[in-house]
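Trainee: Build me a model:
(2 chains, ligands or ions: 1)
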Amino acid sequence: MSNYKEIFVKTDKCTGCLTCKIACAVEHSETKSLFSAIRESPRPVSRVYVEWLPGNAKVPVLCRHCEEAPCLNACISGAISRSDTNAVITDAGKCIGCWTCVMVCPYGVIGRDQTLAKAFRCDRCPDREIPACVGACPTQALVYETVDGFSKTKRKTVSRELLTREGA
Amino acid sequence: METRYLIVGGSAAGMAAAHTIRKKDKTGAITVLSDEDTLPYFRPMVPYILTGKKQVPDIALSGTGIFVQPRIDVRTGTIVTSVDPVAKILTTASGKTWSYDKVLFATGSRPYLPETVKGLDSPGVFSLKTVADAAAMAQRSRNTDHVVLLGGGILNLKAAFALLEKKIKVTLVVHSPEVLSQLMDPEDAFLIRKALDRAGLKIMTGCSADHVVTDADGVCAVALDNGTQIPCRMVCVGKGVIPNTECVRGSAITVDKGILADPFTACSVKDTFAAGDVAVTHDPATGEKTVTALWTNAVDMGICAGLNMAGIPTRYTGTLGIMNATQVAKEPFVAMGRVHTKGRDLETHIDKTDTTYRKIVFNKEGTRLVGALFIGDITHAGMYRYVIREKKPIDRIKSHLIRHTLHYGHFM
Ligand SMILES: Cc1cc2nc3c(=O)[nH]c(=O)nc-3n(C[C@H](O)[C@H](O)[C@H](O)COP(=O)(O)OP(=O)(O)OC[C@H]3O[C@@H](n4cnc5c(N)ncnc54)[C@H](O)[C@@H]3O)c2cc1C
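Mentor: Below is the predicted model:
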């Protein structure tokens, strides 16, 4: 188990305000400022998604950087690797837009830039101390913590539920 | 004593196994014998060698993704000709012998060349499988303005686009009523067909090659079974693949189309294993024995074999025979599980727009998702794969599956 920080989701605290999505899109824009980012073309997009459930519950979803990452095994171009801070990252230079990663991700959190034919996902904002979405979240529904620092039961419900090792 | 691991074949399955073994066994000797002259590379990237967009070092496995472990000794240009699984010895074409404690056969597959088509051994006839094939095709294509491709499968489509990029005219000769017949029904393919036509591919369906016509420079035309001839200086055959089992033939290892592997990736003789395109495994969607030809499956099975070889018993859950994602002519598509529904007793839901096509397939009782096909928009395809593979109960999510409103929250 790694000692690196991960982004955890506290679904009970999310109000669905979508501030995280805006912060993420701005962080991954050319200009990194809200006012100019909205005028960029292509329009910057978020790598965080907020889904709605019946009963008005909101669920922010983003790349889990899985321990046994199906996308990492499946990539046919060598574009996906594990960074030294334990994030699973897609190298846009090597990505050929074959979408194999999209096909194997059970969370549905790998996005597609159809124009450039590149896959993209949460990169935990390598240039920032705290990922943009976490920094922006007004209700602390998103937290940036080590596994030990975060309650293990919570972590299970929000992040690990789907994963069984492929082929195992 | 350190364990001596030998791996025959240095591609997806062989190298995934090698790196997995090294993760678990820091001291054993891991040797990979490969008959290719190139160090292991991402085979699906071979079309980029043909176009010249990438060079061989750009597509090397080593140092990327899961292929980052140290001390794996890869011997290129080494052809294994036979095995004695009782004495635990491999013999190579040069006559050298290799002793081992555990061996993995990851010899993959090679293009199938139909015997009924005469002249496929002529200069100018190729199949796109290795970087050497790509280099030879690139060489020949310099003196070629028209290539005829036999077969309308995904590999030939990739080869066709690589050649189109080189400004060479391509004609596909397709026996089936439509391209990609292995991955969808003919009716499903119209968006892709439209995109292919738009991109400038010439496609002739419902006919086959009878023989290849040659002159002093090799192929000069393809004669079709409808009596016509298409002049061309180059032919590319993409009619499926067959497992490379030659090196275990005559030994006690059981071969049935491919090398038979049990649920723990082991062959019929102790301490021998098989993984990847060469292995016969089972499809969880149908329960039937199957051989596949997919990079992703080969890696997964290689990882599993590596764990078993390193002494960690690990069950291989099998593989969906159809599990393809790709993009042809700017049209993304994903085909998974059972996608051929015409005339079958399955509950099928089709939804089409001008730019997208979606087919969702349930078993005939409608109680389980067994297949999905997405063209144009493949958003959340992975969730469908997850539901198919894990045979998830669908009563609560069925309408979301059909309307394409499924998201991760529904699994919580
Ligand atoms: C052009 C192209 C594009 C593809 N695109 C995709 C894609 O997009 N997605 C996907 O999932 N799959 C794709 N595939 C299929 C995928 O590449 C294969 O399924 C995968 O490579 C199988 O891996 P493997 O390790 O089982 O065998 P192989 O890759 O076939 O490798 C086996 C190796 O063993 C060597 N060998 C065989 N016999 C011997 C012997 N006796 N001694 C020594 N060495 C031996 C072979 O030369 C070869 O190097 C593509 C294939 C091609 C050719």
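Trainee: Give me every residue in the stretch 51-200 of chain B that's in contact range of the ligand.
Mentor: Residues of the stretch 51-200 of chain B lying close to the ligand (Cβ under 6 Å from any ligand atom) are B:79-80, B:106-109, B:128-129, B:155, B:158. Every C-beta, even on glycine, is put in place using the N, C-alpha and C of the backbone.
Trainee: Out of the residues you listed, which two sit at the greatest distance?
Mentor: Within these, B:80 and B:158 form the most distant pair, 28.8 Å apart (Cβ to Cβ).
Trainee: Is any residue of stretch B:124-139 near chain A?
Mentor: No: for stretch B:124-139, no contact with chain A is found by Cβ under 8 Å from any Cβ of the partner chain; the gap never falls below 14.3 Å.
Trainee: mean confidence for stretch B:401-412?
Mentor: Across stretch B:401-412, pLDDT averages out at 91.
Trainee: How about the contacts made by residue A:57?
Mentor: Each residue near residue A:57 by Cβ atoms under 8 Å, 6 or more residues apart in numbering or on different chains is listed here: A:11, B:409.
Trainee: bridging residues for it?
Mentor: Listed beta-bridge partners, residue A:57: residue A:53 (assigned using DSSP bridges).
Trainee: How about residue B:266?
Mentor: Counting by DSSP bridges, residue B:266 is bridged to residue B:273.
Trainee: any chance you could map the helices in the chain?
Mentor: Let's take chain A. A:19-27, A:34-37, A:70-74, A:100-104, A:132-136, A:152-155 (DSSP state H).
Trainee: Actually, chain B is the one I wanted.
Mentor: Counting by DSSP H, chain B has helices at residues B:12-24, B:46-51, B:131-141, B:154-165, B:190-199, B:295-309, B:381-389, B:398-403.
Trainee: tell me the most buried of these?
Mentor: Ranked by mean neighbour count under mean count of other Cβ atoms under 10 Å in any protein chain shown, the helices of chain B are led by helix B:295-309, which reaches a mean of 29.
Trainee: What helices and strands are in contact with it?
Mentor: Applying 3 or more Cβ pairs under 8 Å, 6 or more residues apart in numbering or on different chains; DSSP states H and E, one finds that helix B:295-309 contacts helix A:70-74, helix A:100-104, helix B:12-24, strand B:102-105, strand B:272-274.
Trainee: Would you tell me which of these gets closest to residue B:373?
Mentor: So among the helices and strands packed on helix B:295-309, helix A:100-104 is nearest, using Cβ to Cβ, at 11.7 Å.
Trainee: ok, now which ones touch the residue lying closest to residue B:20 once chain neighbours are set aside?
Mentor: Spatial nearest neighbour of residue B:20, chain neighbours left out: residue B:306 (2.9 Å); criterion: Cβ to Cβ, 6 or more residues apart in numbering or on different chains. Residues in contact with residue B:306 (Cβ under 8 Å, 6+ apart) are B:16-21, B:23-24, B:104.
Trainee: Also residue B:31?
Mentor: B:4-7, B:73-75, B:98.
Trainee: rerun at 6 Å
Mentor: By Cβ atoms under 6 Å, 6 or more residues apart in numbering or on different chains, the contact list for residue B:31 reads B:6, B:73.
Trainee: mind checking how far it is from the ligand?
Mentor: 12 Å (Cβ to the nearest ligand atom, to the nearest Å).
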